[in-house]
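In: here is a sequence together with a model predicted from it:
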Amino acid sequence: MIDLETLVLLIFVAVLTLVITTYMELKKKLKKPEYVTRELLECTSCGYKLEHDHEPGDFISMFKGECPRCGSLMRIKAIYSVEKKTLIPPQ
Ligand SMILES: [Zn+2]
């Protein structure tokens, strides 16, 4: 026969385990941010900057597209990863 003290202790341990497990799960979820690769394009003529999603095969200093402001060639200036949640939604 289990006495009251042991029972209370058992319940306490069980609750504590549950709390810790829930906390760990939550922490695991929070620690997994999603990343997206972006690239920064700069106009070779007027310096206009444009940022969009990185496409496979793109590399830094590659010419890509035309400047929406003056029509000159755009050049990839930087490629980087950003957290998905910090992204500015498209207008
Ligand atoms: Zn331009």
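Out: Right, received. Where do you want to start? Residues are numbered from 1 along each chain as shown.
In: got the residues of this protein near the ion?
Out: Neighbours of the ion within the chain, by CB under 5 Å from the ion: Cys43, Ser45, Cys46, Tyr48, Cys67, Arg69, Cys70, Ser72. C-beta here means a position set from N, CA and C on the backbone, and glycine is covered the same way.
In: one more time with 8 Å, if that's ok
Out: 43-48, 67-72, 74 (CB under 8 Å from the ion).
In: export the residues you listed as TSV, with columns for distance to Val15 and neighbour count.
Out: Output for the residues of the chain next to the ion, formatted as TSV (distance: CB to CB, whole Å; neighbours: other CB atoms under 10 Å):
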residue	distance to Val15	neighbour count
Cys43	62	21
Thr44	65	14
Ser45	67	13
Cys46	65	11
Gly47	61	11
Tyr48	60	15
Cys67	63	20
Pro68	60	10
Arg69	63	12
Cys70	67	12
Gly71	68	10
Ser72	67	14
Met74	59	21
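In: show only the entries of those found in strands.
Out: Among those, the members falling in strands (DSSP state E) are Cys43, Met74.
In: dump the residues of the chain next to the ion to TSV, plus pLDDT.
Out: Shown next, in TSV, are the residues of the chain next to the ion (pLDDT from 0 to 100):
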residue	pLDDT
Cys43	97
Thr44	96
Ser45	97
Cys46	97
Gly47	96
Tyr48	97
Cys67	97
Pro68	95
Arg69	96
Cys70	97
Gly71	96
Ser72	96
Met74	97
